[in-house]
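Visitor: the amino acid sequence is not available; the structure is as follows:
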């Protein structure tokens, strides 16, 4: 259960946009999804922040990890596959904002 200082989990089906940020360092969010709109399809749970762990820190506070589904046509310019093709990527909550 989340404490008042922790974010509340978003429901499956919630549209989200991945933050459009390109900070230096070790980040677990692929550049090709930054700024893109997707939909939460699952909440994977609470985990230590891997970006903090990579620098030898404790990874706290824990972050919510979501599985987010993106349409391939929204990710790849000129995608010529089926228009219903999707890609699921696990993204931590601090990289997400509510979508349009």
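Guide: Happy to help now that I have it. Keep in mind it's a predicted model, so treat the numbers as computed, not measured. Numbering: from 1, shown residues only.
Visitor: any idea of the mean pLDDT in stretch 53-63?
Guide: Stretch 53-63 shows a mean pLDDT of 93.
Visitor: how far out from the middle of the chain is it?
Guide: Centre-to-centre, stretch 53-63 and its host chain are 17 Å apart (C-alpha atoms, centre = their mean, to the nearest Å).
Visitor: farthest from the middle of the chain: give me that residue.
Guide: For the chain, the largest distance from the centre (C-alpha atoms, centre = their mean) belongs to residue 80, which lies 24.8 Å off.
Visitor: from residue 73, how far off is that one?
Guide: For residue 80, the distance to residue 73 equals 9 Å [C-beta to C-beta, to the nearest Å]. Where C-beta positions appear, they are placed from N, C-alpha and C, glycine not excepted.
Visitor: cool, and residue 39?
Guide: Plainly put, residue 39 is 14 Å away from residue 73 if you go by C-beta to C-beta.
Visitor: the residue lying closest to residue 95 once chain neighbours are set aside: what secondary structure?
Guide: Spatial nearest neighbour of residue 95, chain neighbours left out: residue 29 (4.7 Å); criterion: C-beta to C-beta, 6 or more residues apart in numbering. Using DSSP: H, G, I helix; E, B strand; the rest coil as the criterion, the local structure at residue 29 reads coil.
Visitor: begin at 13 from now on, thanks
Guide: Fine by me, first position is 13 from now on; the one you just mentioned is residue 41.
Visitor: okay, now residue 41: neighbour count?
Guide: A count of nearby residues for residue 41, using other C-beta atoms under 10 Å, gives 18.
Visitor: which stretches of the chain have low pLDDT?
Guide: For the chain, applying pLDDT under 70 flags the ranges 13-19.
Visitor: and the longest strand along it, how far from the chain's centre?
Guide: Counting by DSSP state E, the longest strand found in the chain is strand 49-59. Strand 49-59 has its C-alpha centroid displaced from the chain centroid by 7 Å (C-alpha atoms, centre = their mean).
Visitor: list of residues touching that strand?
Guide: The contact list for strand 49-59 (C-beta atoms under 8 Å, 6 or more residues apart in numbering) reads 21-30, 71, 74-82, 86, 100-102, 104, 111-112.
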